[in-house]
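[1] requesting a structural model of the entry that follows:
(2 chains)
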Amino acid sequence: MNCALTIYGQSFESRLLIGSALYPSPEVMQASIRASGSQIVTVSLRRQNSVAAGQDFWDLIKALDLTILPNTAGCHSVKEAVTLAHMCREVFDTDWIKLELIGDEYNLQPDPIALLEATKILIDDGFKVLPYCTDDLVICQRLAELGCEVLMPWGAPIGTGKGLLNPYALRTIRERLSEMTLIVDAGLGLPSHACQALELGYDAVLLNSAVAGAGCPETMAKAFRAAVEAGRFSYEAGAMIERDIAAPSTPTLGMPFWHQ
Amino acid sequence: MKLNYNGETLMATTSSLLELLEVQKAKAPFAVAINGQFVPRSQLSAVELKEGDSIDVMSPIQGG
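    The predicted structure is shown next:
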């Protein structure tokens, strides 16, 4: 039961990937990430003169001793994303990249066309790409054909906390790409959203704002940890068949004659 | 020589990228891009900067 999450050949017990941004303090960030039980943490790169970029933050993350997943957040073109991916590979010493390529500023929707182009370039350059994508089945299929072993369709736009806006689309991707590692990335707000994603058969969830923006991030991290475990157990157990007609659970045999 | 370093204009007295990084007190870990093109660490010492070059020195930051 509860067999491991596999990402490009590496196994992980935790099915919760967590971000390192937006926490009220570095101490809360560390405590929350630890409480989440996550084994993978997302990070990024910014100009060295920007606020909080540098050695201090990196020391805090290294102290957690987790697998690092760098992202290309904020990139709007293939060139930007490819350049930033290469810089990430050198700084973080990993060929994993969470490929994020924004197509629209309003909802921060991934640009599916540019995403395919950047994915091809990066795979050719030896990267293991984890593309942040929409819940479009055909785009997911194209990404898989390019060589992605992991796909990360959104649950909802980044930072909205709306949960799974289109469970039908996510379920369809799960059914059509049954062998892929699928991770719902972005848009989750509640532990129940994460549980629902795992119940749909998704292998993991990636979230940040839902924990960092909670009243008590550390406690919320624990809640997400439990929800992800519950969702996975539920998926592996196999849910009962839903039906429209009520069916008594208590045996009717031996009832007295009061209703007759 | 007029350069753009991490988004700010500066007048450099050297064309050596390594010297510029030293003068600007770039702290490891970082990666460098010039005019939007990644420059691997192994090639930094060979880079001669030109007037108007844009240098980005990137370091770890929080990410989601």
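[2] contact residues of chain A facing chain B?
    Selection of chain A residues close to chain B by CB under 8 Å from any CB of the partner chain yields A:19-23, A:29, A:42-50, A:52-55, A:57-58, A:61, A:70-71, A:73, A:79-80, A:83-84, A:86-88, A:90-92, A:158, A:186, A:208-209. All C-beta atoms are positioned from the backbone trio N, CA, C, and that covers glycine.
[3] OK, contacts around residue 6?
    Reading this off chain A. Applying CB atoms under 8 Å, 6 or more residues apart in numbering or on different chains, one finds that A:Thr6 lies in contact with A:Phe12, A:Thr181, A:Asp203.
[4] sorry, I should have been clearer: chain B.
    For B:Asn6, the contact set (CB under 8 Å, 6+ apart) comprises A:Arg47, A:Gln48, A:Asn49, B:Ile55, B:Asp56, B:Val57.
[5] need the buried ones from those residues selected in ChimeraX.
    Only the buried entries of the contacts of B:Asn6 go into this ChimeraX selection, using 16 or more other CB atoms under 10 Å in any protein chain shown:
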select /A:47,48 /B:55,56,57
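[6] by pLDDT, give me the weakest of the contacts of B:Asn6.
    Among these, A:Asn49 has the lowest pLDDT, at 79.
[7] helix/strand/coil for that residue?
    Secondary structure, DSSP: H, G, I helix; E, B strand; the rest coil: A:Asn49 is coil.
[8] over to it: give its phi and psi.
    Main-chain torsions, A:Asn49, degrees, to the nearest 10: phi -90, psi 0.
[9] which one is it nearest to, not counting chain neighbours?
    Excluding its sequence neighbours, the residue lying closest to A:Asn49 (CB to CB, 6 or more residues apart in numbering or on different chains) is B:Asn6, at 4.9 Å.
[10] burial of the residue lying closest to A:Asn166 once chain neighbours are set aside, as a residue count?
    Excluding its sequence neighbours, the residue lying closest to A:Asn166 (CB to CB, 6+ apart) is A:Asp135, at 5.4 Å. Residues near A:Asp135, counting by other CB atoms under 10 Å in any protein chain shown, number 22.
[11] what residues of stretch A:70-83 count as buried?
    Under the neighbour-count criterion of 16+ other CB under 10 Å, stretch A:70-83 has A:Pro70, A:Asn71, A:Thr72, A:Ala73, A:Gly74, A:Cys75, A:Val78, A:Glu80, A:Ala81, A:Val82, A:Thr83 buried.
[12] repeat that for stretch A:214-233.
    Under 16+ other CB under 10 Å, the buried positions of stretch A:214-233 are A:214, A:217-218, A:220-225, A:227-232.
[13] got the CA coordinates for that stretch in PDB?
    Output in PDB follows, covering the C-alpha atoms of stretch A:214-233 (Å, rounded to 0.1, in the frame of the first residue of the first chain):
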ATOM      1  CA  ALA A 214      -2.400  30.100   6.100                       C
ATOM      2  CA  GLY A 215      -3.000  31.700   9.600                       C
ATOM      3  CA  CYS A 216      -0.500  29.100  11.000                       C
ATOM      4  CA  PRO A 217       1.600  27.700   8.100                       C
ATOM      5  CA  GLU A 218       3.200  25.000  10.200                       C
ATOM      6  CA  THR A 219      -0.200  23.600  11.200                       C
ATOM      7  CA  MET A 220      -1.600  23.900   7.700                       C
ATOM      8  CA  ALA A 221       1.500  22.000   6.400                       C
ATOM      9  CA  LYS A 222       0.600  19.100   8.800                       C
ATOM     10  CA  ALA A 223      -3.000  19.300   7.500                       C
ATOM     11  CA  PHE A 224      -1.900  19.000   3.900                       C
ATOM     12  CA  ARG A 225       0.500  16.100   4.800                       C
ATOM     13  CA  ALA A 226      -2.400  14.200   6.300                       C
ATOM     14  CA  ALA A 227      -4.800  15.000   3.400                       C
ATOM     15  CA  VAL A 228      -2.300  13.800   0.800                       C
ATOM     16  CA  GLU A 229      -1.800  10.500   2.700                       C
ATOM     17  CA  ALA A 230      -5.600  10.100   3.000                       C
ATOM     18  CA  GLY A 231      -6.200  10.800  -0.600                       C
ATOM     19  CA  ARG A 232      -3.600   8.300  -1.700                       C
ATOM     20  CA  PHE A 233      -4.900   5.600   0.600                       C
END
